[in-house]
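Asker: Structure here, sequence nowhere to be found:
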């Protein structure tokens, strides 16, 4: 019986993409990674349009990168690294006077149903107030599900530094949302 | 307090040391502020998880990515929450548009084939549908009767006419149909019985005609006393079909039968009529033709078990909504079956084909729940059983029901089909029907199904 694409590991799919330019392999990798990349783009960049551009560019480069790498152990970290570098470049490019805050993200009338949740809107806004390094570590940990070791390798920083950044990000968000959380606990 | 917050952080990450757990839980049981902080962290974590689940790339972004890479048909996409909200009826009708058009095309092809000149001729030669042949016979019969009545030469012309009438119809149908009718057309028992009854009717009619002719001769003899000696060398008139009457002056009355020809001198003062009872000859031929037709029909009535190859197409709408297009192939949505008809009602066979199935399933990977959507094209094969319900009246339409059990590379497949088979003439037949299909597949020890509903159409050749 033919093996399903969903039964391949990320590395095997990447190898298939390299060896056969397999559209199916790319499609499967896309299915696995697109949510992570999209969440990272949206929560780190905070701009809907920028996030879409970076998202497309990330997968384009992932596909093209298959020509250069014989094998890849951690495809997800590699893909998020591509995405992160693109995001950093984009932030640098738009640093002068660019407004990162995208009203589309916070308008309950036009955004996803999930954003209608007040709690989620507040968290998103709180994340905007975090320093970039904290926000990035928090997104990679909470949204993309990377381990601390993977984050440290990806960001090329110490493991303890990652833990501290994630911890401080959580504390900061809790402080920002404390009045709202207290109201919730009273209800 | 900071230490306790760190422990909470580690606990949420699943990295709290086992020897620190009693200390944390003990502190939580007595420290209300720590419990509050713990609840707040849980609330934040829960909200983040919900936010993460809702953050999926929209369908148009997925299409943009794939089209940017030159991929026209993305095979999979995490498209949760991107299902279109354009209602149910319109998309459903749009999905059925192609099946309806396909079915209409199949009906059109069937009608075109069945209305071709050859088939029209075949249809017209059926006993119950005889038109031109019976009309010709009737006109001949009428002319013959009238002429006989006006001449007062025949004692019971009306009787002859009435007796000939059924044989005329059978004559026309039987003679013309001898070459046109095929074994399949007279395959049913009803046809054979009807033909046998017609043959018996012809035999009885032939006997009556002989008696009537003898009576007519007796009356002629009585009316023309003294009788004139018959010519020692009667002229033999060959039987001419449809040449019923000719009137000549001073010529003997000539009656021609299949087993007796007479030449009588004309009585004085009575115009002579050459009466040719061609019906008797036709009846003889009809009898022979019917008999020859019946016997081979009875003898060749052994079509079962017979072998049949069926090719069909099907267009079905998946009841599973996915946002990825088909992985189409040129041979998609077609099937070929090899069927062994065991009896007029029962048939078994095997069938294989190719079609796509929409699949939506979820699975865990790296601690995340991933929703997969795909519509792969796959080969399938299986064993089928078909039950035919018999012809609808005297038409060539036969309803049937069929069940197929088989498999694909993804898992087992079941299919139920109900439809109608149309066998206009010869070994060809056409089918049109509805069917439901269910594909079951397994992912990470969990079973999922992909149901489809649609139409099927095709043709079959019997060998």
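Answerer: Everything's here; your move. Values in this document were obtained by computation on a predicted structure and should not be read as measured data.

Asker: quick one: low-confidence parts of chain A?
Answerer: Residues of chain A that meet the criterion pLDDT under 70 lie in A:1-2, A:95-117, A:184-187.

Asker: OK, contacts around the residue nearest to the spatial centre of it?
Answerer: In chain A, the residue lying closest to the centroid (C-alpha atoms, centre = their mean) is residue A:40, at 1.8 Å. Under the criterion of C-beta atoms under 8 Å, 6 or more residues apart in numbering or on different chains, the contact partners of residue A:40 comprise A:80, A:83-84, A:87, A:139-140, A:143-144. All C-beta atoms are positioned from the backbone trio N, CA, C, and that covers glycine.

Asker: Check residue A:80 too.
Answerer: Shown in contact with residue A:80 (C-beta under 8 Å, 6+ apart): A:36-37, A:40, A:140, A:144, A:146, A:154.

Asker: among these, which are in helices?
Answerer: Among the contacts of residue A:80, DSSP state H puts A:36-37, A:40, A:154 in helices.

Asker: Closest one of the contacts of residue A:40 to chain B?
Answerer: Each of the contacts of residue A:40 was scored against chain B by C-beta to the nearest C-beta, and residue A:143 proved nearest at 4.8 Å.

Asker: closest to residue A:171 among the contacts of residue A:80?
Answerer: residue A:140 (17.3 Å; C-beta to C-beta).

Asker: ok, the closest one - how many residues close by?
Answerer: Residues near residue A:140, counting by other C-beta atoms under 10 Å in any protein chain shown, number 28.

Asker: quick one on the thing from earlier: compare the contacts of residue A:80 and tell me which is most surrounded.
Answerer: Most neighbours among the contacts of residue A:80, by other C-beta under 10 Å: residue A:140, with 28 neighbours.

Asker: Please report how far it lies from residue B:70.
Answerer: When distance is defined by C-beta to C-beta, to the nearest Å, residue A:140 is 31 Å away from residue B:70.

Asker: sorry, back to before: now render the contacts of residue A:40 as TSV, adding distance to residue A:25.
Answerer: Below are those laid out as TSV (distance: C-beta to C-beta, whole Å):
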residue	distance to residue A:25
A:80	19
A:83	19
A:84	23
A:87	25
A:139	27
A:140	25
A:143	25
A:144	21
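
Asker: Using the three-state scheme, assign residue B:426.
Answerer: Following DSSP: H, G, I helix; E, B strand; the rest coil, we place residue B:426 in the coil state.

Asker: Just give me the neighbour total for it.
Answerer: With neighbours defined by other C-beta under 10 Å, the count for residue B:426 comes to 16.

Asker: Enumerate every residue touching the nearest residue to residue A:143 once chain neighbours are set aside.
Answerer: With C-beta to C-beta, 6 or more residues apart in numbering or on different chains as the measure, residue A:39 is the residue that lies nearest to residue A:143, at 4.1 Å, once sequence neighbours are left out. Going by C-beta under 8 Å, 6+ apart, residue A:39 touches A:139, A:143-144, B:52, B:55.

Asker: go with 10 Å
Answerer: A:51, A:139-140, A:142-145, B:48, B:51-57 (C-beta atoms under 10 Å, 6 or more residues apart in numbering or on different chains).

Asker: Fine, thanks again, bye for now.
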